[in-house]
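[1] For reference, the sequence and a predicted model appear below.
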Amino acid sequence: MKDNIVLQMKNIHKSFPGVRALQGVDFTLRKGEVHALMGENGAGKSTLIKVLTGVYSKDEGDIFLEGSAVAIHSPQDAQKVGISTVYQEITLCPNLSVAENMFIGRTSGMGQNWKKMNKDTEKILKSLDIPATATQQLETCSLAVQQMIAIARAVDMDCKVLILDEPTSSLDEQEVEKLFKLMRDLRSRGVGIVFVTHFLDQVYEICDRITVMRDGQLVGEFEIEKLPRVQLVSKMLGKELDDMSDIKGDQKAYEKKSGVAPVLEAKGRVSDAGIKPFDFHIDKGEVNGFTGLLGSGRSECVRALFGADRITGGTIKMNGKDVKIHKPLDAMKNGMAYLSEDRKGEGIVGDLSVRENIILAQQVLRGFFKPFSKAKQYEIADEYIKLLSIKTASADTPIKSLSGGNQQKVILARWLFTHPEYLILDEPTRGIDVGTKVDIQKLVLKLASEGMSVTFISSELDEMLRTCSRLVVMRDRKVVGELSGDDLNQSKVMSTIAGGDK
């Protein structure tokens with residue numbers, strides 16, 4: 001089998017200031033196989049791929065291609081030795097033809113033989129059964145076909161190793177099947193394919209082997225038929241099934257309130273973010289959550305509830321009455337608040353002060369022609385700085401100078417000041433210290449005890465079990481289960497995420 005190995009990465013180390021991103025990682029790829037690279041956020045998958053493709057320089061370790069050591073210091077070096085990458089975001093030129101995209105950067109442009117280029121392109125498209133023509137404008141092709149053309153371009157450049165980084169994240173089921181057909185074709189031709197994805201179903205449909213990473217380290221390499229799904233989930237999350245102790249949550253047990261309308265009830269809700277239509281409800285004073293692996297659709301569901309993505313279907317009732325929520329302002333006016341997982345991009349306004357960040361959402365609701373007086377702003381800011389124990393020199397300190405945990409508390413204060421009936425917290429404790437995490441968890445339970453309804457999302461399953469009385473389980477962008485009561489434990493959550501032992 002050793003002669004069948006196309007790529008070996010041995011003892012790869014990579015550090016950034018304060019972070020050991022890769023710690024002695026090994027990776028082996030065979031000719032003619034599809035090999036899944038799996039791991040949760042921060043596992044080190046992207047760093048390993050960037051080392052392989054020359055985006056990052058490794059600190060230590062060796063890379064071998066077909067048994068010979070190779071030095072890869074740039075993406076051009078990787079391409080020269082036969083390593084090609086196709087990313088989730090297609091990097092082709094939509095305003096050029098298919099043939100021009102196939103050969104861009106590979107011809108001088110002066111005196112180009114267009115007839116030969118189109119003929120060669122048609123030959124490649126036909127050989128890989130890609131439904132496009134050489135002269136067709138790329139932007140007229142579907143996303144899946146554009147993805148296939150990007151792969152065809154990579155393969156045509158003497159590709160030995162093809163890296164597909166989340167290639168199916170924007171495709172529907174029919175488009176995924178077309179892509180898989182191409183991948184199977186390439187596998188039969190001896191191309192080694194590294195498949196980076198979050199979709200469990202797709203891994204078990206197309207892959208031969210799986211390498212699992214966690215916290216910058218290699219967890220293991222497994223034959224697909226020897227690794228049941230629930231074991232894969234446990235290895236990704238770092239929770240071995242044999243020694244898992246179920247955590248008793250601090251939350252009250254969930255009880256369905258008969259005769260009382262939910263605070264929010266969604267039916268067939270769906271957005272253009274790729275999730276399947278879902279139903280959801282939350283009762284007064286309840287803390288529930290969406291759980292699942294990274295990329296399962298947790299965030300997309302709450303964004304659909306809040307109108308943060310373009311809504312394409314479904315209804316919402318609040319306290320039994322139909323409401324229309326197509327954008328965040330609609331949600332805010334109906335008593336909803338949403339703390340996004342993207343603290344920097346959708347949360348803090350870095351150049352504004354703590355005070356200005358706290359009053360921002362409520363000021364939007366009031367209208368900017370009814371500004372709070374300076375005295376009122378300070379009164380509000382001081383109240384929430386004290387309530388949430390925000391560590392800041394003063395209310396006038398720029399929020400960008402605060403620690404990540406204190407920035408998070410300021411954004412939480414912003415939404416609490418709108419006095420919402422329903423609060424959505426997406427990864428509110430990510431990247432903050434343990435003490436602040438506990439403070440936020442306690443605050444969530446206190447708010448619920450006072451009657452606020454809260455949806456809580458965290459990548460840390462322990463935290464979800466401590467905080468939520470009911471969990472909606474996601475897999476591959478669809479709701480696959482709902483757990484409460486005695487079923488609210490790690491084993492049950494993980495087996496539901498995995499979808500059984502097959």
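    Nice, thanks for sending it over.

[2] Run through this protein and note the low-pLDDT ranges.
    1-3, 41, 88-89, 105-112, 157, 170, 239-257, 343-345, 431-435, 500-502 (pLDDT under 70).

[3] how close does Glu60 sit to Asn11?
    To Asn11, Glu60 is 7 Å away according to CB to CB, to the nearest Å. C-betas here are computed from N, CA, C, even on glycine.

[4] hang on, I meant Glu383
    In terms of CB to CB, Glu383 sits 54 Å off from Asn11.

[5] in the stretch 351-500 of the chain, which spans are strands?
    In order along the chain, the stretch 351-500 of the chain carries the following strands (DSSP state E, counting those that start in this stretch): 422-426, 453-457, 470-475, 478-484.

[6] what does the third one contact?
    With CB atoms under 8 Å, 6 or more residues apart in numbering as the test, strand 470-475 has contacts from 200-201, 254, 280, 286, 288-293, 296-298, 301, 464, 479-484, 488, 493, 496-499.

[7] Please name the nearest non-neighbouring residue to Asn4.
    Arg30 (4.9 Å; CB to CB, 6 or more residues apart in numbering).

[8] That neighbour is in contact with Gln8, isn't it?
    No: if you go by CB atoms under 8 Å, Arg30 and Gln8 don't touch, sitting 10.2 Å apart.

[9] all helices of the stretch 351-500 of the chain, in order?
    354-366, 374-387, 404-416, 434-449, 461-467, 490-498 (DSSP state H, counting those that start in this stretch).

[10] Any buried residues in stretch 158-177, and which?
    159-168, 171, 175-176 (16 or more other CB atoms under 10 Å).

[11] now swap in stretch 6-25 and tell me
    Those would be 6-9, 12-14, 21-23, 25, for stretch 6-25 by 16+ other CB under 10 Å.

[12] Then stretch 58-73?
    Quick answer for stretch 58-73 (16+ other CB under 10 Å): 58, 61, 63, 65, 70, 72.

[13] Turn the residues you listed into a markdown table, including distance to Leu416.
    Below are these laid out as a markdown table (distance: CB to CB, whole Å):
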| residue | distance to Leu416 |
| --- | --- |
| Lys58 | 46 |
| Gly61 | 48 |
| Ile63 | 51 |
| Leu65 | 55 |
| Val70 | 55 |
| Ile72 | 50 |
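
[14] any idea which of these is closest to Glu341?
    Checking those against Glu341 with CB to CB, the nearest one is Lys58 at 30.2 Å.

[15] what about the nearest residue to the closest one once chain neighbours are set aside, is that helix, strand or coil?
    Distances taken as CB to CB, 6+ apart place Val51 nearest to Lys58, at 4.8 Å, with adjacent residues excluded. At Val51 the chain is in helix, as set by DSSP: H, G, I helix; E, B strand; the rest coil.

[16] which helices and strands sit right next to the helix or strand hosting Val270?
    If you go by DSSP states H and E, Val270 is part of strand 264-271. Strand 264-271 sits against strand 278-282, helix 298-306, strand 311-318, with contacts defined as 3 or more CB pairs under 8 Å, 6 or more residues apart in numbering; DSSP states H and E.

[17] which of the ones you listed sits most buried?
    Most buried of the helices and strands packed on strand 264-271 by mean neighbour count (mean count of other CB atoms under 10 Å) is helix 298-306; its value is a mean of 25.

[18] Just the CA atoms of that helix, as PDB, please.
    Output of helix 298-306 as PDB, limited to C-alpha atoms (Å, rounded to 0.1, in the frame of the first residue of the first chain):
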ATOM      1  CA  ARG A 298     -27.700  26.500  14.000                       C
ATOM      2  CA  SER A 299     -26.900  30.100  13.300                       C
ATOM      3  CA  GLU A 300     -28.900  30.200  10.100                       C
ATOM      4  CA  CYS A 301     -32.000  29.100  12.000                       C
ATOM      5  CA  VAL A 302     -31.900  31.900  14.500                       C
ATOM      6  CA  ARG A 303     -30.900  34.400  11.800                       C
ATOM      7  CA  ALA A 304     -34.100  33.300   9.900                       C
ATOM      8  CA  LEU A 305     -36.200  33.900  13.100                       C
ATOM      9  CA  PHE A 306     -34.700  37.400  13.400                       C
END
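
[19] Just give me the neighbour total for the residue nearest to Gln441 when sequence neighbours are not counted.
    Sequence neighbours aside, Thr467 is the residue nearest to Gln441 in space, at 5.4 Å (criterion: CB to CB, 6+ apart). When neighbours are defined as other CB atoms under 10 Å, Thr467 has 24 of them.

[20] Repeat that for Arg30.
    By other CB under 10 Å, the residues close to Arg30 number 17.

[21] quick one: contacts for it?
    1, 4-6, 192, 208-209.

[22] Serialize those residues to a markdown table and add fields for secondary structure.
    Listed next are those as a markdown table, based on three-state DSSP:
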| residue | secondary structure |
| --- | --- |
| Met1 | coil |
| Asn4 | helix |
| Ile5 | strand |
| Val6 | strand |
| Gly192 | strand |
| Asp208 | coil |
| Arg209 | strand |
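
[23] Narrow those to just the buried residues.
    Neighbour-count burial (16+ other CB under 10 Å) applied to the contacts of Arg30 gives 5-6, 192, 208-209.

[24] Val86: which of the residues you listed is nearest?
    Out of the buried ones among the contacts of Arg30, the member with the shortest distance to Val86 (by CB to CB) is Gly192, at 14.0 Å.

[25] I'd assumed Cys159 was in contact with the closest one.
    No: shown here, Gly192 and Cys159 do not form a contact pair, counting by CB under 8 Å, at 9.2 Å.

[26] just to revisit the earlier point, sitting in strands, which of the buried residues of stretch 158-177 do you find?
    With strands defined by DSSP state E, the entries of the buried residues of stretch 158-177 inside them are 161-165.
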